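Peer 1: return a 3D structure for these sequence lines:
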Amino acid sequence: MAGAPTTAAPRAILHVDMDAFYASVEQHDRPELRGLPVIVGGSGGRGVVAAASYEVRRFGVRSAMPVRRALALCPQAVCVRPRMARYAEVSAQVFEVFHGFTPLVQGLSLDEAFLDVTDSRMLHGAPEQIAHDIKRLIRERTGLGASVGVASNKLVAKIASDLDKPDGLTVVTPGRVHEVLDPLPVRRLPGLGRKKGEQVAAAGIATLGDLRRADERQLRPLFGREWQAWRDRAAGIDERPVLPDRDEKSVSNERTFDEDLRKPEEMQAALAALADKVAARLRTQGLWAACIGIKVRRGDFTTLTRQRTLTPATCETGVIAATARDLLDAWLQEDLRSAGRAKRDGPSIRLLGVSATALEDAAQEDLFAAADGARGTRLDSALDAIRDRFGGAAVSRASSLGRTRR
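Peer 2: Coordinates of the predicted model:
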């Protein structure tokens, strides 16, 4: 009927959780580990398990468990030291897949994120189809598996992603929330914690259904003034939005070239210009970066990333540009070795990017401190002032004036 109100479609939220991420990366990179019980973690007397493969979980080994205890449970387990730079590199590939479907991506860690695909349905299809496509692309680009929960809010999506691991996909429509949640043990409720979960179970509230149906008299002694909020959570009620963090947690700049670059000096000049822009944006926002990364897309559209942690954090162009240059040089050498080439020209490159992550607020009094980097920061400041007054193209660094194709 004309003028009748329309009912808005429910939100479509995905929770994507990589399966045993660190351990899966190790098994992917080292085929001899596939099928074996793998523990990623420190091997010293106080080492803890950072990740456990599904093969070792059958013995009761879990993340955050002391390695000594884990080896007592599974003496045949293979211990591998963490490679955080490698995990960050693979994580960047995974998050690139996410951003191909929606800008509303809230990362929780290297291997876990919420995605709001409510407005992506017209372009990419139903939420379940989007989840299938995300799983497929992650598998194609990284060789790894992911489990996905699909629901109308973050809480239910997170619970759903854990119901069919590994490589699972669970869809919980609004009409099935109680059917799915009610039978689950109360410890499945995110945020409850082990100790509080034990207290709730000891009070006779064993399942989420029990918690949903409990009254104030039962819940107030356990949760105080928050008793209603916890009962709502057990009922699958959650209005929190997905808060995209890409702009808040990284500063990046990339460029696609009209013609592929083939000469290393052209690539380095382009990379220097990108690093200069990233550093200038950091200074404008009063930020320092503790991790610098590069993005390289070949002519065949194969994309890779490399990252390096910096100590201390910086906003200085020279440091950022040098780090990006070293990362690219290392990759070019690696590419030459793997391709068996012994020639000056490198691979064809259609896109380069520089990113700054692990951001922290810069202390104003340190920006022009008389330290080793003082000369660089004075130059940066002078160039920033010129660009502010006359525009971004008014002045360029010599390092960025190589023969890059326009």
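
Peer 1: what is the burial count for the spatially closest residue to Asp119 that is not a sequence neighbour?
Peer 2: Nearest non-adjacent residue to Asp119, counting by C-beta to C-beta, 6 or more residues apart in numbering: Thr102, 7.4 Å away. Any C-beta I mention is one placed from the backbone N, CA and C, and that applies to glycine too. Thr102 has 20 neighbours, counted by other C-beta atoms under 10 Å.

Peer 1: kindly report the same for the one 4 residues further on.
Peer 2: Applying the criterion other C-beta under 10 Å, we find 20 residues in the vicinity of Gln106.

Peer 1: confirm it sits in a strand?
Peer 2: Yes - counting by DSSP: H, G, I helix; E, B strand; the rest coil, Gln106 is located in a strand.

Peer 1: pretty sure it is touching Ala113, no?
Peer 2: Yes - in this structure, Gln106 is within contact of Ala113 by C-beta atoms under 8 Å, at 6.1 Å.

Peer 1: wait, is the residue nearest to Asp119 part of a strand?
Peer 2: No - counting by three-state DSSP, Thr102 falls outside a strand, being coil.

Peer 1: state the three-state secondary structure for Gly190.
Peer 2: One correction, residue 190 is Pro, not Gly. coil.

Peer 1: strands along this protein, start to end?
Peer 2: Here the chain has its strands, by DSSP state E, at 13-18, 38-41, 49-52, 78-80, 105-109, 112-116, 146-151, 169-171, 250-261, 287-298, 303-314, 349-361.

Peer 1: and those strands: which comes nearest Arg212?
Peer 2: strand 146-151 (16.1 Å; C-beta to C-beta).

Peer 1: so which elements touch that closest one?
Peer 2: strand 13-18, helix 127-142, helix 154-161, strand 169-171 (3 or more C-beta pairs under 8 Å, 6 or more residues apart in numbering; DSSP states H and E).

Peer 1: please work out the average pLDDT along the last one.
Peer 2: I take that to be strand 169-171. Across strand 169-171, pLDDT averages out at 97.

Peer 1: who are the packing partners of that strand?
Peer 2: Short answer (3+ C-beta pairs under 8 Å, 6+ apart): strand 169-171 packs on helix 127-142, strand 146-151, helix 154-161.

Peer 1: what comes into contact with the last one?
Peer 2: When contacts are taken as C-beta atoms under 8 Å, 6 or more residues apart in numbering, the neighbours of helix 154-161 outside the stretch itself are 13-17, 114, 147-151, 168, 170-172, 177, 180-181, 184, 188-190, 233, 236-238, 240, 242.

Peer 1: narrow those residues to those that are buried.
Peer 2: 13-17, 114, 147-151, 168, 170-172, 177, 180-181, 184, 188-189, 233, 236, 238, 242 (16 or more other C-beta atoms under 10 Å).

Peer 1: from Gln285, how far off is Gly149?
Peer 2: 34 Å (C-beta to C-beta, to the nearest Å).

Peer 1: I misspoke; the intended subject was His132.
Peer 2: As judged by C-beta to C-beta, His132 and Gln285 stand 38 Å apart.

Peer 1: tell me which of those two has more neighbours.
Peer 2: When His132 and Gln285 are compared for neighbours, His132 comes out ahead with 15 against 12, by other C-beta under 10 Å.

Peer 1: centroid-nearest residue for this structure?
Peer 2: Leu110 (3.8 Å; C-alpha atoms, centre = their mean).
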